[in-house]
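Undergrad: this one's sequence-less:
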Ligand SMILES: Nc1nc2c(ncn2[C@@H]2O[C@H](COP(=O)(O)OP(=O)(O)O)[C@@H](O)[C@H]2O)c(=O)[nH]1
Ligand SMILES: Nc1ncnc2c1ncn2[C@@H]1O[C@H](COP(=O)(O)OP(=O)(O)O)[C@@H](O)[C@H]1O
Ligand SMILES: [Mg+2]
Ligand SMILES: [Mg+2]
């Protein structure tokens, strides 16, 4: 079974793109399933279930969604294998722009929305920087010039990635995406494998549920802002 | 390694010579001191509470080096040249083979695509966009410079060979026209942009009836103005040698000038349209029926006459619009074209009095 990780900011079009891919896989009688990782709530699982494919929903709740992802991906992978899937698509939402669910030797896709602003590629961090394929959605709505600038801004962050435009509404470009993924030779398993990018240090008192503000409540791994004399306006 | 030469120099020097490296490194470590050397910067990462704290200095340098060389490759890619676009027959919606051996198109050519809604015009444009190789519903194949999968190798920025223009497109950035064009021009830093930007504005203004300036915000341009700017920008700044236009009929621009502009830059223009004037501006017309290319019509002598009449009527219409806008009467139908500017000026004077 091949796992493919999809990451991207909220509403960037991940579910739309994945559903267009599923249609293509189903047309070719490929057994496909979806795992959706989210924080508190998601309707995406129902949306995918309507397509009559196996779907799993993982909600991280009070946990950091990225840590939740790594701690569970092995079990999810085994689930997909037991079902006899050919392809398992993983959609992650609720990422913090400092993490990426991308795993070594497993195809990694970042979905990014052309309408989200021309500088967004610079702001979303590892999920773009460590992707193999960058899918740009909603480019049907903007000028060719903005597309080209956006592609360039994606390249400044990740010059080796393949850039594809997929229209999440009409599915234009989805066939090409399926083709690129098919040509990829990456299909490792997850057990014993490694993330492409380590996750931010955590484990301070606030990770443990502390809500009080003030130095006396702060324990563990902390980073403090440096305020210098010149910042005092004097 | 590229990084070697910067190891013992201040990082700010690296940023001067490779400006994009600043954003890249800034995503990995906090750049609070650009006077320290690159070596000092990466060695320090171990001690800070940083997402990549586990990454050792050598690995970070390797990644930086890989990034710098990838950027170098990307930026030195020349503009793509397309000499031919060839279409090989596919199948219509009922699976019947299209009746042609191959259709070949060359730079400077305009190809109209006509047919009822739902017949498959956009499908054909999409086939060209993705460089179809029998894997789309139409099963067509598209060869660029006689090569299959040419387009599919071009998945990097600056290497895309197809530009698109459609009715749904808008400018969404919050920038003035001048800043916007400068931003676009920076994708090709080596080519210089000074004159180009003034030229694009001039051309865009000649396409749309109403003038705008470099200071105007792109998002606030009228439909016609933004279409005009998109076309002028596409002709002069976009690298893509193939332009796909999907139904921009009501754009309110001078259509002949717009197409002339694109073809004078040696683009190959594919144009899905319901507008006879636009269709007749093309020497070749593909008629789509039930998903397949049903006929290829070459523009006849008679049609060239029709085109002249249509263009005359079109100018009359533009003239009436200009009159109407400034409060003129529309009852006089004996409009003669060419006098539009002087007449409008006269009308303006009258209404001002
Ligand atoms: N116009 C346009 N809208 C899109 C496109 N892709 C997605 N959308 C819309 O964007 C919204 C968010 O998409 P969704 O797939 O739910 O995003 P997710 O949160 O990343 O899964 C939905 O309303 C989609 O219909 C696209 O390519 N073009
Ligand atoms: N040769 C073909 N085989 C199968 N489906 C086709 C073919 N040509 C077009 N279609 C499908 O028909 C529908 C309408 O086509 P479209 O290109 O949107 O029409 P138009 O742009 O002319 O209105 C689309 O879903 C398209 O994928
Ligand atoms: Mg979703
Ligand atoms: Mg159409």
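TA: Yes, it's here. Since we're looking at a predicted model, the values are computed, not measured. Ligands and ions are numbered 1, 2, ... in the order given.
Undergrad: Could you use CA atoms for every contact and neighbour count after this?
TA: OK.
Undergrad: where exactly do the strands run in chain A?
TA: A:2-7, A:32-38, A:55-59, A:87-92, A:108-113, A:133-137, A:162-165 (DSSP state E).
Undergrad: of all those strands, which lies closest to ligand 1?
TA: Ligand 1 lies closest to strand A:133-137 among these, at 4.2 Å (CA to the nearest ligand atom).
Undergrad: helices or strands up against the closest one?
TA: strand A:108-113, strand A:162-165 (3 or more CA pairs under 8 Å, 6 or more residues apart in numbering or on different chains; DSSP states H and E).
Undergrad: Each with direction, which strands does that strand pair with?
TA: Note on strand A:133-137: by DSSP bridges, its sheet partners are strand A:108-113 (parallel), strand A:162-165 (parallel).
Undergrad: Quick one: residues in contact with it.
TA: A:12-13, A:108-114, A:128, A:161-168 (CA atoms under 8 Å, 6 or more residues apart in numbering or on different chains).
Undergrad: related to what we said a few turns ago, what would the strands of chain A look like in CSV with mean pLDDT?
TA: Below are these laid out as CSV (pLDDT from 0 to 100):
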stretch, mean pLDDT
strand A:2-7, 96
strand A:32-38, 93
strand A:55-59, 92
strand A:87-92, 95
strand A:108-113, 96
strand A:133-137, 97
strand A:162-165, 94
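Undergrad: Serialize the ones you listed to TSV and add fields for mean neighbour count.
TA: Shown next, in TSV, are these (neighbours: other CA atoms under 10 Å in any protein chain shown):
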stretch	mean neighbour count
strand A:2-7	24
strand A:32-38	24
strand A:55-59	19
strand A:87-92	22
strand A:108-113	26
strand A:133-137	27
strand A:162-165	24
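Undergrad: Reformat those as JSON lines; add distance to residue B:64.
TA: Putting the strands of chain A into JSON lines (distance: least, CA to CA, whole Å) gives the following:
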{"stretch": "strand A:2-7", "distance to residue B:64": "23"}
{"stretch": "strand A:32-38", "distance to residue B:64": "31"}
{"stretch": "strand A:55-59", "distance to residue B:64": "35"}
{"stretch": "strand A:87-92", "distance to residue B:64": "27"}
{"stretch": "strand A:108-113", "distance to residue B:64": "20"}
{"stretch": "strand A:133-137", "distance to residue B:64": "20"}
{"stretch": "strand A:162-165", "distance to residue B:64": "19"}
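Undergrad: Tell me how many other residues surround residue B:28.
TA: A count of nearby residues for residue B:28, using other CA atoms under 10 Å in any protein chain shown, gives 17.
Undergrad: ditto for residue B:185
TA: So residue B:185, with other CA under 10 Å, has 23 neighbours.
Undergrad: quick one on the thing from earlier: could the helices and strands packed on strand A:133-137 go into JSON lines alongside distance to residue A:149?
TA: Converted to JSON lines, these look like this (distance: least, CA to CA, whole Å):
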{"stretch": "strand A:108-113", "distance to residue A:149": "13"}
{"stretch": "strand A:162-165", "distance to residue A:149": "13"}
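Undergrad: would TSV of the strands paired with strand A:133-137 with distance to ligand 1 be doable?
TA: Rendered in TSV, the data for the strands paired with strand A:133-137 read as follows (distance: least, CA to the nearest ligand atom, whole Å):
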stretch	distance to ligand 1
strand A:108-113	7
strand A:162-165	8
